[in-house]
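Trainee: sequence plus the predicted model coming up.
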Amino acid sequence: MSKSISIFDTTLRDGTQGEGVSLSADDKVKIAKKLDALGVHYIEGGIPGSNSKDIEFFKRVQELRLTSKITAFGSTRRKGSVAEQDANLKRILESGVQAATLVGKSWDFHVHTALQTTLEENLSMIYDSIAFLKQKGLEVIFDAEHFFDGYKNNPEYAVAVLSKAREAGADWLVMCDTNGGSLPHEISQIVTSLQGPLPGANLGIHTHNDCELAVANTLSAVQAGVRHVQGTMNGYGERCGNANLCSIIPNLQLKLGYECIGEENLRTLTNTARYISEIANVNMPVNQPYVGNAAFAHKGGIHVSAILRDSRTYEHIEPEKVGNKQRVLVSELAGQSNVVSKAQDMGIALDPASEQSKHIIGKIKELEHEGYQFEGADASLELLLREASGELKELFTFESFKMLVEKAAGQPVVSEAFVKVNVAGESIYTAAEGNGPVNALDNALRKALVQYFPTLKEMHLADYKVRVLDDKDATAAKVRVLIESKNFENSWNTVGVSSNVIEASWEALVDSMRYALLGQISPEHVHAAEKRQGLVNH
Ligand SMILES: CC(=O)SCCNC(=O)CCNC(=O)[C@H](O)C(C)(C)COP(=O)(O)OP(=O)(O)OC[C@H]1O[C@@H](n2cnc3c(N)ncnc32)[C@H](O)[C@@H]1OP(=O)(O)O
Ligand SMILES: CC(=O)C(=O)O
């Protein structure tokens, strides 16, 4: 039996039925290009009978001449009408696609309850609609909605639906686990049972994740003989989502030896998944298998010590095969290996056997106990490691700060910060306003430093997160502030902890600037060098 699987992506249709996922025509075009580059065989673009955004997408995507086939989705004709007059079928034709996905009922209960028609009329709706589109020269993928629930309730009818679709000329007969309630062994048994009534049929699978089994159910169907797999990127979709292609494709290709998108394209999977999550504006869970940030991240000291000897000790595949990478995290669960490996990544020489490395681990554990978290604050960790290894040159030191927050009735709240820092032996005092206390502190600190270090003009704060660490004693609870900073090329994260949110923010802010200034020369040295060259005379 062929080991090629046709991959059908419905991120742009079923994916957008997921809560919180909404894509403009422009977003859809961008995602379609990316999916095409990934090498999926079909891209279901939307429902031309539903909205003008999808109509615009189908118009624009034709101009791109993608390799993936674009399909338009719609349901079978309405009951008691004729296919030629059906508004949804007409819209599919007008969309200019060469392939259509038609959804039809295959559960008798749905025919009676949702459609409120007879079983015979539903069969005619399926036959007429597929035959009409085939007559117009389209490839037709028939999605048998609720196929598995239908089969459990009335197997003869569910099979009659697929047979009718085949008779009408459907190119693929796709069995849908629409409510996502099936288990892998049921999928396997039902798919296998079709070999008798539908010998040699082109079967496909479309599953939902309501029992967190959509990927497992898809694999079961493939092992029972289906050769067409529908799913979405990152598992977006109605309710709990669709089968996640980011897991299905590597499972099929790397574990089961099926050909899906090829080895080279598979290496772009992580980038594609992350790009789509950015466009969809949906945060990707860090622990998402294969493509998540933590999919190959190692935290426990015992794990890190072993992966440094051989990655296979704690990795089921080489991360590069799906375009991901190994990461080592540093936390209170760290051992020497984590810290030494992290230091190496940062270009800091640290002897694993030294007292110095033991001291650093002790220090990290102590700080994590106090509430610091270095997993999400690489820049603060690097400062700590450089400081402990004696490599850090401080370019400024803190003297004091003061805050004023004022609110008068009917007036907007005003925040002002006063900051005193010392640069090259000189005490600098600045004041600045901001749209909040942290912004005011950032502005005042920057104002003090930028005259000495102009590169600070290029950086800005990109994200700010506060977490309450101990709510047993509400007012004395500690907070942890995480700040993400960016310049044109890089982003870096810093952390601060205190029972006072302003102090915690200050600490993270100062670290952010200390990190931005790593490798810069102190103004004292610049001044001394200029003096040597006779550029200044004092
Ligand atoms: C399993 C799936 O995911 S199927 C895809 C689901 N996705 C969507 O529904 C998103 C896009 N949907 C839409 O924009 C709209 O629902 C439309 C344009 C398709 C239809 O809108 P409306 O005409 O207002 O109908 P409405 O959404 O209220 O109800 C669905 C109608 O489709 C009919 N219908 C449902 N499934 C089918 C089917 N397989 N074949 C024929 N008709 C069907 C229903 O009987 C109902 O018609 P009725 O009100 O005459 O009984
Ligand atoms: C067709 C489809 O999306 C489903 O049955 O779930």
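Mentor: Looks like it arrived, so ask away. Residues are numbered from 1 along each chain as shown. Ligands and ions are numbered 1, 2, ... in the order given.
Trainee: helices of the stretch 51-200 of the chain, start to end?
Mentor: 52-62, 87-94, 108-110, 119-135, 147-153, 155-167, 184-193 (DSSP state H, counting those that start in this stretch).
Trainee: list the contacts of the residue lying closest to residue 121 once chain neighbours are set aside.
Mentor: Spatial nearest neighbour of residue 121, excluding adjacent residues (Cβ to Cβ, 6 or more residues apart in numbering): residue 79 at 5.5 Å. In short, each C-beta sits where N, CA and C put it, glycine included. Residue 79 sits next to 115-117, 121-122, 125 when contact means Cβ atoms under 8 Å, 6 or more residues apart in numbering.
Trainee: for residue 392, give its distance to residue 379.
Mentor: For residue 392, the distance to residue 379 equals 12 Å [Cβ to Cβ, to the nearest Å].
Trainee: these two: who's more crowded?
Mentor: Between residue 392 and residue 379, counted using other Cβ atoms under 10 Å, residue 379 has the larger neighbour count: 24 against 15.
Trainee: any idea how far residue 298 is from that one?
Mentor: 20 Å.
Trainee: can you check residue 322 too?
Mentor: 17 Å.
Trainee: select only the buried ones of the contacts of residue 79 in PyMOL?
Mentor: Filtering the contacts of residue 79 down to the buried ones (16 or more other Cβ atoms under 10 Å) takes a single PyMOL command:
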select buried, resi 115+117+122+125
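Trainee: which of the contacts of residue 79 sit farthest apart?
Mentor: Using Cβ to Cβ, the two most remote members of the contacts of residue 79 are 116 and 125, lying 12.6 Å apart.
Trainee: surely residue 165 is in contact with residue 131?
Mentor: No - using Cβ atoms under 8 Å, residue 165 is not in contact with residue 131, being 9.9 Å away.
Trainee: of those two, which one has the most company?
Mentor: residue 165 (30 against 17).
Trainee: quick one, what contacts the more buried one?
Mentor: Going by Cβ under 8 Å, 6+ apart, the list of residues near residue 165 reads 104, 126-127, 130, 142, 144, 173.
Trainee: before we move on, back to that, for the residue nearest to residue 121, phi and psi?
Mentor: Taking degrees, to the nearest 10, you get phi -60, psi 150 for the backbone angles of residue 79.
Trainee: what's the separation between it and residue 371?
Mentor: Between residue 79 and residue 371 the computed distance is 63 Å (Cβ to Cβ).
Trainee: any chance you could map the strands in the stretch 401-538 of the chain?
Mentor: 414-423, 426-434, 460-468, 479-486, 491-498 (DSSP state E, counting those that start in this stretch).
Trainee: list the contacts for whichever residue of the stretch 301-450 of the chain sits closest to ligand 1?
Mentor: Residue nearest to ligand 1 within the stretch 301-450 of the chain (Cβ to the nearest ligand atom): residue 322, separated by 28.3 Å. Neighbouring residues of residue 322 by Cβ under 8 Å, 6+ apart: 250, 266-267, 269-270, 290-291.
Trainee: do that again at 6 Å, thanks
Mentor: With contact taken as Cβ atoms under 6 Å, 6 or more residues apart in numbering, residue 322 is in contact with 250, 266, 269-270, 290.
Trainee: give me the pLDDT value at it.
Mentor: Looking at residue 322, its pLDDT is 98.
Trainee: got it, and residue 525?
Mentor: pLDDT, residue 525: 55.
Trainee: which residues of the stretch 201-350 of the chain score low on pLDDT?
Mentor: Judged against pLDDT under 70, the stretch 201-350 of the chain has no low-scoring part.
Trainee: and the helices in it?
Mentor: 214-223, 245-250, 263-266, 269-280, 301-309, 336-345.
Trainee: between these, which one is nearest to ligand 2?
Mentor: Nearest of the helices of the stretch 201-350 of the chain (Cβ to the nearest ligand atom): helix 214-223, 10.4 Å.
Trainee: quick one: contacts of the closest one?
Mentor: Against helix 214-223 from outside (Cβ under 6 Å, 6+ apart): 182, 184, 187-188, 191, 205, 207-208, 229, 243-244, 247-248.
Trainee: that helix and ligand 2, any residue contact?
Mentor: No - applying Cβ under 6 Å from any ligand atom, one finds helix 214-223 separated from ligand 2 by no less than 10.4 Å.
Trainee: between that helix and helix 184-193, how big is the angle?
Mentor: Here helix 214-223 runs at an angle of 30 degrees relative to helix 184-193 (axes from the mean of the first three to the mean of the last three Cα atoms, to 10 degrees).
Trainee: domain map for this structure?
Mentor: Domain segmentation of the chain under automatic domain parsing yields 6-261, 297-388, 397-535.
Trainee: any idea which of these is most buried?
Mentor: domain 6-261 (a mean of 20; mean count of other Cβ atoms under 10 Å).
Trainee: quick check: end-to-end length of that one?
Mentor: Using Cα to Cα, to the nearest Å, one end of domain 6-261 lies 9 Å from the other.
Trainee: what about that domain and ligand 1, any contact?
Mentor: Yes - legend: contact between domain 6-261 and ligand 1 by Cβ under 6 Å from any ligand atom is shown at 14, 17, 47, 49-50, 75-76, 78, 103-105, 114-115, 125, 145, 178, 238.
Trainee: hang on, the earlier thing: what sits in contact with each of residue 392 and residue 379?
Mentor: Residues touching both residue 392 and residue 379 by Cβ under 6 Å, 6+ apart: none at all.
Trainee: excluding covalently adjacent residues, which one is nearest to whatever residue of the stretch 201-350 of the chain ends up closest to ligand 1?
Mentor: The minimum distance from the stretch 201-350 of the chain to ligand 1, using Cβ to the nearest ligand atom, falls at residue 238 (5.8 Å). Nearest-residue entry for residue 238: residue 17, 4.1 Å, with adjacent residues in sequence omitted and distances by Cβ to Cβ, 6+ apart.
Trainee: now that neighbour: how far from residue 242?
Mentor: Going from residue 17 to residue 242 by Cβ to Cβ gives 9 Å.
Trainee: hmm, back to that, of the contacts of residue 322, select the buried ones using a ChimeraX command.
Mentor: The following ChimeraX command selects only the buried members of these, with burial defined by 16+ other Cβ under 10 Å:
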select :250,266,269,270,290
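Trainee: adding distance to ligand 2 as columns, could you present the contacts of residue 322 in JSON lines?
Mentor: Below are the contacts of residue 322 laid out as JSON lines (distance: Cβ to the nearest ligand atom, whole Å):
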{"residue": "250", "distance to ligand 2": "23"}
{"residue": "266", "distance to ligand 2": "26"}
{"residue": "269", "distance to ligand 2": "23"}
{"residue": "270", "distance to ligand 2": "26"}
{"residue": "290", "distance to ligand 2": "23"}
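Trainee: of the contacts of residue 322, which is the nearest to residue 195?
Mentor: Using Cβ to Cβ, the contacts of residue 322 come closest to residue 195 at residue 250, 28.1 Å.
Trainee: any chance you could list what contacts stretch 505-515?
Mentor: With Cβ under 6 Å, 6+ apart, stretch 505-515 has contacts from 379-380, 383, 438, 441-442, 481, 483, 485, 492, 494-496.
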